[in-house]
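okay, sequence plus prediction incoming.
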Amino acid sequence: MKFPMASTVKVAIAVQLLTKIEQGELSLMTMVDVQPSDLHPGSGSLTALFNKPGVQLSVQNLLELMMVISDNSATDILLRLAGGPEVVQNRLKTLGVQGMSVDRSIIQLLADLQGVTLPPANQWTAGFYERLEKERAPDARTKAVAAFATDPRDTSTPAAMIDLLAKIYNGTALKPDSRAVLLGTMERCQSGAARLRGFLPPGTELAHKTGSLGATATDDVGYITLPDDAGHVAIAVFIGPSTQPTAEREQTIAHMARAVYDYFLFQVPVEGNK
């Protein structure tokens, strides 16, 4: 079964971006002009703090914003630099990851979920999205949410995400330097304290990426480090459209993470945990 990836898709975007860097087409130090049309709504800080012309950020800073605080504006800039959704999808295909689909920018995904029609990028200004939401037909969002729940775009099976995480960790998807950069950002992820991390023992090392779309998606994916050199566990938990309160959905993710932690720590021989 496939679930909306929400912001966990940023793991796949990061893989393609870092692949381009490995190929010499970009550098982490490449400076990028941030235009008004790049400032999109949603989680993060770019739109709130840097909403005037004249901003430049490095690819590395944008990657930090995307992975650590899940900034949507930084994500769409990096998705463009990575080559777009089709190129990210082709990278997944090359890696042999099946069951994951990357199809839209974050701003387009949010617009489809909210039932608004985006203007051309050259007409975008700060606050435009909020005006679109106010001007939409009263029932547009209800219809859009219902349609989104069955939309196969930007979805993944848990197995596909685990496959991608495993390929990142074992060096199939990225070279060692790129792998270290990506895992480093995931270790600093600031969201989801009540999800995978929620019931893990204090001090447990976790590298992860969350995803949230209101009641439509509550996700957390990443790596749990077991104590005493017992190895690492890749885990992906997706909760699709649900009427449960957010706190209950997050608690479910936390329970699953702790169950996985305990199983691999106490039931599986150490040599099988790597």
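Okay, I see it. Residues are numbered from 1 along each chain as shown.

which phi and psi does V34 have?
As for V34, its main-chain torsions (degrees, to the nearest 10) stand at phi -100, psi 110.

number of nearby residues for the residue nearest to it when sequence neighbours are not counted?
Excluding the flanking residues, the one nearest V34 by C-beta to C-beta, 6 or more residues apart in numbering is V55, at 4.1 Å. To be clear about C-beta, it is placed using only N, CA and C from the backbone, and glycine gets the same treatment. When neighbours are counted by other C-beta atoms under 10 Å, V55 registers 16.

tell me the contacts of the nearest residue to K143 once chain neighbours are set aside?
Nearest residue to K143 in three dimensions, chain neighbours excluded: G115, at 6.3 Å (C-beta to C-beta, 6+ apart). With contact taken as C-beta atoms under 8 Å, 6 or more residues apart in numbering, G115 is in contact with R136, A137, A140, R141, T142, K143, A144, V145.

same thing with A217?
Applying C-beta under 8 Å, 6+ apart to A217 gives the contacts F3, P4, M5, A6, G211, F238, I239, G240, P241.

closest to A230 among the contacts of G115?
V145 (42.4 Å; C-beta to C-beta).

so where does the closest one fall, helix or strand?
helix 140-148 (DSSP states H and E).

what does the helix or strand just after that helix contact?
Next helix or strand after helix 140-148 toward the C-terminus (DSSP H and E): strand 155-156. With C-beta under 8 Å, 6+ apart as the test, strand 155-156 has contacts from K2, F3, P4, M5, T8, V9, G99, M100, S101, A236, F238.

farthest pair in these?
Longest span within the contacts of strand 155-156, C-beta to C-beta: S101 and A236, 15.0 Å.

comparing these two, which residue is more hemmed in?
Neighbours per residue (other C-beta under 10 Å) separate S101 from A236, with A236 holding more: 26 against 20.

just the strands in the chain please.
Under the criterion DSSP state E, strands of the chain are mapped to 3-4, 31-34, 55-58, 155-156, 206-212, 218-225, 232-239.

re the thing from before, give the buried subset of the contacts of strand 155-156 as a ChimeraX selection command.
Restricted to buried positions by 16 or more other C-beta atoms under 10 Å, the ChimeraX selection for these reads:
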select :2,3,4,5,8,9,99,100,101,236,238
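
mind putting the contacts of strand 155-156 into JSON lines with pLDDT and distance to D38?
What follows is the contacts of strand 155-156, written out as JSON lines (pLDDT from 0 to 100; distance: C-beta to C-beta, whole Å):
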{"residue": "K2", "pLDDT": "97", "distance to D38": "29"}
{"residue": "F3", "pLDDT": "97", "distance to D38": "28"}
{"residue": "P4", "pLDDT": "97", "distance to D38": "24"}
{"residue": "M5", "pLDDT": "98", "distance to D38": "22"}
{"residue": "T8", "pLDDT": "98", "distance to D38": "22"}
{"residue": "V9", "pLDDT": "98", "distance to D38": "18"}
{"residue": "G99", "pLDDT": "98", "distance to D38": "31"}
{"residue": "M100", "pLDDT": "98", "distance to D38": "26"}
{"residue": "S101", "pLDDT": "98", "distance to D38": "24"}
{"residue": "A236", "pLDDT": "98", "distance to D38": "29"}
{"residue": "F238", "pLDDT": "98", "distance to D38": "29"}
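
put together TSV for the contacts of strand 155-156, with distance to I77 on each row.
Output for the contacts of strand 155-156, formatted as TSV (distance: C-beta to C-beta, whole Å):
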residue	distance to I77
K2	27
F3	26
P4	22
M5	19
T8	19
V9	15
G99	27
M100	22
S101	22
A236	26
F238	26
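
which among the contacts of strand 155-156 gets closest to Q108?
Distances from Q108 to these, taken by C-beta to C-beta, are shortest for V9, at 12.2 Å.

alright, I will stop here.
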